[in-house]
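In: all I have is the shape, not the residue letters:
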């Protein structure tokens, strides 16, 4: 029997834009009590990574926490781990930003804690081989990844009891595997189960180091864990058991393992993340098939290591909204890279804050589905863009660029006041509408789409097998929790991306009540159709000759719309619908727009007939949206609600509001119907 080294790693993080009360709650129920228990066990060594904004919170709100951190560092029982300051997915941001983020956090830790970091935490353990050189170039000696990364390279569980080296372009990095088994045991299983596992490893009678590195929030923030870990004393009992079994296990910092053990060999790890992430990033339509395949092979230890789903970048395919944020971030970053901008400048920090990973994806946590997190990303990116414009200047203009990297150009209007981005390939729609002075994107809504876990929710509701219990549970189990009843009414899916200036030719029998549930018949091919676009005298002209089903015939119709940005926040759109068929056609035509208001109010649902003006106040934002039609029309208004899963259960989330200007008219051959819609944002105190 030989004593093993147990490496305990804690990763603490709260997203940019999360509410301050969430930071405080996390501190009170997780970070603080965890530290208090660790202080009782003075000889237990552990490792801590916290994101930069969480360090800032501690410095400002809880300096006693920082004091205790310094105390443990001085005693040699705590190692601090660096990483990206704002916890970005390092592999999907520009290389210069990767290095800048790591340097910013390492410098912060050195200046505020007096500690020189040797390691870096890779957010969500999203790994791509190019990170080796990035990390090594910033002075990083090691990182920590999941054991599935190593198994995907052909290693077996028995090989993962130490660390390996890897390299890229001759740059060397040590990589430590995180034990999935320990991640699932700690803190959910009885302490004796963990100690028995350590004893089993010690019986192998060789140098062994095992790593358990995971979210600090699972020690108090996850449902039921505060009571289990602290009130019932799980953590104290666990550390006491380690001390009482010092003949088989000792705790160690990662640097100590590097200094006292030799690497197990050299390895080249494939692109990967932790296993659950590889499932979440798959297209929703195949997630259940993948889940079934995993269950069929979960006991096949020869096959299981090679089972994995997609990788992180596929979130940018799965969700247009995630791709939109990512490409906006790249656009702002590319502007800044072309100028000499200091690392710690307000401009550079705003860009980095806009790279925080949490709002760019969705798994068991809310992530992308949480509007306040997406708003925080746009707030940061628009702040950076506004600062850039003020420092380096900008001329109001339209330009063509393949913004979303789909092989076709989008048309982008940018000024010191606002950004209006138009996708001519998809309905000639506005997919981003930014107000730079307010740092707000009014197009920041989320399209309602089918998620793989909706099948599980539907089955549970049908079988009356749901619960609102907040008792202890791992987020990885199969419990179906709901935060409110009646969620099935909101399992509604859009067949097109929610954007503005989408042109609907409704069936003439369509009623307002059909809009929320997307139960209307679309007779035209314009919503998803391509518009020919050209820039004309400061405006964008979009034309499509398409077809409308009417009275059993496929008839030709032309839609022309000209988008003219206003001098202040907003735009005016001039429409001309022309019947170019050889028959008379009766139309029910709707122009859909979407607006990301801060919260849902009664004004977000209703049918308003024969009006020219519709106005919606948003007291939280201090802004009103005002739509003015040159001709009377009906306004159909419905909220956009999504149903998603989170660590606390399934929930409904208000994403924004859909407003459709509905016009009824009849056109003979070669006749036209014209009108204008002015979309304004008014500042209100």
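Out: That came in fine, so what should we check first? These figures come from a predicted structure and were not determined experimentally.
In: which residue lies farthest from the center of this protein?
Out: In the chain, counting by C-alpha atoms, centre = their mean, residue 582 sits farthest out from the average C-alpha position, at 49.8 Å.
In: could you report the neighbour count for the residue nearest to that residue when sequence neighbours are not counted?
Out: Closest residue in space to residue 582, ignoring its immediate chain neighbours: residue 669 at 5.6 Å, by C-beta to C-beta, 6 or more residues apart in numbering. (Glycine included, C-beta is placed from N, CA and C.) Using other C-beta atoms under 10 Å, residue 669 is surrounded by 12 other residues.
In: now do residue 673
Out: The burial count for residue 673: 17, using other C-beta under 10 Å.
In: that one contacts residue 587, doesn't it?
Out: Yes: counting by C-beta atoms under 8 Å, residue 673 does reach residue 587; the two are 7.4 Å apart.
In: just to revisit the earlier point, kindly state the pLDDT recorded for the residue farthest from the centre of the chain?
Out: For residue 582, the pLDDT comes out at 94.
In: on that earlier part again, what do residue 673 and residue 587 both touch?
Out: 577, 663, 665, 667 (C-beta atoms under 8 Å, 6 or more residues apart in numbering).
In: show me the contacts for the last one.
Out: In other words, residue 667. Shown in contact with residue 667 (C-beta under 8 Å, 6+ apart): 577-579, 584-585, 587, 673.
In: kindly report the same for residue 58.
Out: So residue 58 contacts 27, 50, 65-66 (C-beta under 8 Å, 6+ apart).
In: now the longest strand seen in the chain: buried residues?
Out: Longest among the strand segments of the chain by residue count, using DSSP state E, is strand 623-644. Of all the residues in strand 623-644, those buried under the rule 16 or more other C-beta atoms under 10 Å are 623, 625-627, 629, 633-644.
In: same question for stretch 3-15.
Out: Neighbour-count burial for stretch 3-15, counted by 16+ other C-beta under 10 Å, picks out 3-15.
In: tabulate the residues you listed (a markdown table), appending distance to residue 535, secondary structure and pLDDT.
Out: Shown next, in a markdown table, are the buried residues of stretch 3-15 (distance: C-beta to C-beta, whole Å; DSSP: H, G, I helix; E, B strand; the rest coil; pLDDT from 0 to 100):
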| residue | distance to residue 535 | secondary structure | pLDDT |
| --- | --- | --- | --- |
| 3 | 72 | coil | 93 |
| 4 | 67 | strand | 95 |
| 5 | 65 | strand | 97 |
| 6 | 64 | strand | 97 |
| 7 | 59 | strand | 98 |
| 8 | 59 | strand | 98 |
| 9 | 54 | strand | 98 |
| 10 | 54 | strand | 97 |
| 11 | 48 | strand | 97 |
| 12 | 49 | strand | 97 |
| 13 | 43 | coil | 97 |
| 14 | 43 | coil | 96 |
| 15 | 38 | coil | 96 |
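In: distance between the ends of stretch 147-163?
Out: By C-alpha to C-alpha, to the nearest Å, the extent of stretch 147-163 from end to end equals 11 Å.
In: quick one: it to chain centroid distance?
Out: Mean C-alpha position of stretch 147-163 versus that of the full chain (C-alpha atoms, centre = their mean, to the nearest Å) differs by 29 Å.
In: list the contacts of that stretch.
Out: Against stretch 147-163 from outside (C-beta under 8 Å, 6+ apart): 4, 125, 127, 142, 164, 174-181, 201, 204, 207-210, 257-258, 261-264, 267-270, 272, 274-275, 301, 305-306, 308.
In: same thing with stretch 424-431?
Out: Residues outside stretch 424-431 that contact it (C-beta under 8 Å, 6+ apart) are 320, 324, 406, 408-411, 420-423, 443, 496-497, 499-503, 526-533, 542, 544, 561, 563, 571, 593.
In: just the buried ones from those residues, in PyMOL syntax?
Out: PyMOL command restricting those to the buried ones, with burial defined by 16+ other C-beta under 10 Å:
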select buried, resi 320+324+409+410+411+420+421+422+423+443+496+497+499+500+501+502+503+526+527+529+530+531+533+542+544+561+563+571+593
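In: same for the helix of greatest length in the chain, what does it pack against?
Out: Determined from DSSP state H, the single longest helix within the chain is helix 371-392. Here helix 371-392 touches helix 320-337, helix 346-353, strand 429-435, strand 440-441, strand 651-667, going by 3 or more C-beta pairs under 8 Å, 6 or more residues apart in numbering; DSSP states H and E.
In: okay, the angle between the third one and helix 371-392?
Out: Spelled out, that is strand 429-435. 70 degrees (axes from the mean of the first three to the mean of the last three C-alpha atoms, to 10 degrees).
In: which residue is the nearest non-sequential neighbour of residue 294?
Out: residue 307 (6.0 Å).
In: the stretch 51-200 of the chain: helices as residue ranges?
Out: Using DSSP state H, counting those that start in this stretch, the helices found in the stretch 51-200 of the chain span residues 52-61, 63-75, 95-113, 131-137, 147-151, 180-185, 191-202.
In: show me what contacts the residue nearest to residue 582?
Out: Counting by C-beta under 8 Å, 6+ apart, residue 669 makes contact with 579-584.
In: thought residue 133 was touching residue 168?
Out: Yes: between residue 133 and residue 168 there is a contact at 4.6 Å, judged by C-beta under 8 Å.
In: more neighbours: which of the two?
Out: Set side by side, residue 133 and residue 168 show more neighbours around residue 133, with 19 against 16, by other C-beta under 10 Å.
In: distance of the more buried one from residue 595?
Out: Separation of residue 133 from residue 595 (C-beta to C-beta, to the nearest Å) stands at 44 Å.
In: then residue 359?
Out: For residue 359 relative to residue 595 (C-beta to C-beta), the value is 19 Å.
In: then residue 14?
Out: Distance of residue 14 to residue 595, computed by C-beta to C-beta: 28 Å.
In: related to what we said a few turns ago, what about the residue nearest to residue 582, distance to residue 456?
Out: From residue 669 to residue 456 the distance is 53 Å (C-beta to C-beta).
In: if any of the contacts of stretch 147-163 are buried, put those into a ChimeraX selection.
Out: The ChimeraX selection below is limited to those of the contacts of stretch 147-163 classed as buried (16+ other C-beta under 10 Å):
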select :4,125,127,142,164,174,175,176,177,178,179,180,201,207,208,209,210,257,258,261,264,267,269,272,274,275,305,308
